[in-house]
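Student: Here you go, sequence then predicted model.
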Amino acid sequence: MKHRGVLIAGNWKMNHGPAETERFFSALAAQFPGGRVPSIEGLQACILPPALSLQAALIHGAQVGVQIGAQNVHWEKSGAFTGEISSPMLKDAGATWVILGHSERRQLFGETDEGVARKVTAAIAAGLRPIACVGETLEEREVGMTLEVVERQVRAVLAPLAKQPGFGAIAYEPIWAIGTGKVASPADAQEVHAMIRGLLEGQSEELAEATRILYGGSVKGDNAEGLLSQDDIDGALVGGASLDAAGFSKIAAAAEKLATMAAAAAGLAERAEQG
Ligand code: 13P
């Protein structure tokens, strides 16, 4: 098991109202013996529904051992911001995580690096765990700008994340891989994740050690194991495949398998050392 733990997070985007949310969690419970996502140390599953389905997800997710989060927040605590939700409100409602700076928000709703940094700061101040998203477009990849673009986006959130090392996470989601079925190869994803780890290390050793870096973009049951077995891939941010219980549980099962194998290897190593 990676010592910082593995997070499998499902970003539902604008899908599943409250009734569908309840159906999803009943179906998810049916996927696992005992009706709960396996509680192996360091493995955490999380679903991020639309805000309207948050309450239903909190009630039913808790029974299945799944944490719940949101997809966005405003950076202020309260005030005249029609249509917005704040971090303290989400925390009060029982949310654990929040996705910030998803590429859809950057591309369709004009979010900037600076705005994302303000949101990360606000979330942490409220005790809500941010998952800051970064990633390049296809054009940027094709002209060799991947590392440069991702570095700029990561640098914007380094200082807020460093306030509480390991509390927040980063998700690398190459935009060309989102919803396209074109997953990054484990080696290509690992290259960017290692660069992100290096940037975290530049801020502090502790931040690099503690921060989970998730991969997102067409993660499915059949490619999850290859991605999650990379050194610097500490989980997955899953879109389409998280909408159905069978799809999400396959990814959680891949993470569970790796965690079990790593725990067994660690046990063997410890026994060898002792004796
Ligand atoms: P897909 O898994 O559907 O490619 O979406 C990824 C994503 O955007 C998760 O935030």
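Tutor: Okay, I see it. Numbering: from 1, shown residues only.

Student: And the residue of this protein closest to the ligand?
Tutor: Nearest residue of the chain to the ligand (C-beta to the nearest ligand atom) works out as G239 at 2.2 Å. For every residue, glycine as well, the C-beta is placed using N, CA and C.

Student: For the residue lying closest to that residue once chain neighbours are set aside, give me phi and psi.
Tutor: Once flanking residues are discounted, G239 sits nearest to N11: 5.3 Å by C-beta to C-beta, 6 or more residues apart in numbering. Here the main-chain torsion angles of N11 (degrees, to the nearest 10) amount to phi -90, psi 110.

Student: contacting residues for N11?
Tutor: Listed by C-beta atoms under 8 Å, 6 or more residues apart in numbering, the contact set of N11 reads L48, Q71, I99, H102, G216, L237, V238, G239, S242.

Student: again, only using 6 Å
Tutor: For N11, the contacting residues are L48, I99, L237, G239, by C-beta atoms under 6 Å, 6 or more residues apart in numbering.

Student: Please report how far it lies from Q164.
Tutor: Between N11 and Q164 the computed distance is 22 Å (C-beta to C-beta, to the nearest Å).

Student: can you check A132 too?
Tutor: Taking C-beta to C-beta, one finds A132 at 13 Å from Q164.

Student: before we move on, what about E136?
Tutor: According to C-beta to C-beta, E136 stands 27 Å off from Q164.

Student: With A93 instead?
Tutor: Distance from A93 to Q164, counting by C-beta to C-beta: 21 Å.

Student: got a winner among the contacts of N11 for most neighbours?
Tutor: Ranked by the number of neighbours (other C-beta atoms under 10 Å), the contacts of N11 place L48 first, at 29 neighbours.

Student: What's opposite that residue in the beta bridge?
Tutor: N11 (DSSP bridges).

Student: so who does it touch?
Tutor: Contact analysis of L48 by C-beta under 6 Å, 6+ apart lists N11, G69, Q71, I99.

Student: next one: R129
Tutor: Residues counted as contacts of R129 (C-beta under 6 Å, 6+ apart) are T96, W97, F167, G168.

Student: Helix, strand, or coil at the closest residue to the second one other than its chain neighbours?
Tutor: Spelled out, it's W97. Using C-beta to C-beta, 6+ apart and skipping the chain neighbours, the partner closest in space to W97 is G69 (3.1 Å). Recorded secondary structure, G69: strand (DSSP: H, G, I helix; E, B strand; the rest coil).

Student: what pLDDT does G69 get?
Tutor: Note on G69: pLDDT of 98.

Student: I'd guessed it sits against K91; true?
Tutor: No: applying C-beta atoms under 6 Å, one finds G69 not in contact with K91, separated by 10.7 Å.

Student: Contacts only, for the closest residue to G17 other than its chain neighbours.
Tutor: Nearest residue to G17, sequence neighbours excluded (C-beta to C-beta, 6+ apart): S53, at 5.9 Å. The contact partners of S53, taken as C-beta under 6 Å, 6+ apart, are H16, G17, P18, T21.

Student: how much space between S53 and I59?
Tutor: S53 sits 11 Å away from I59 when distances are taken as C-beta to C-beta.
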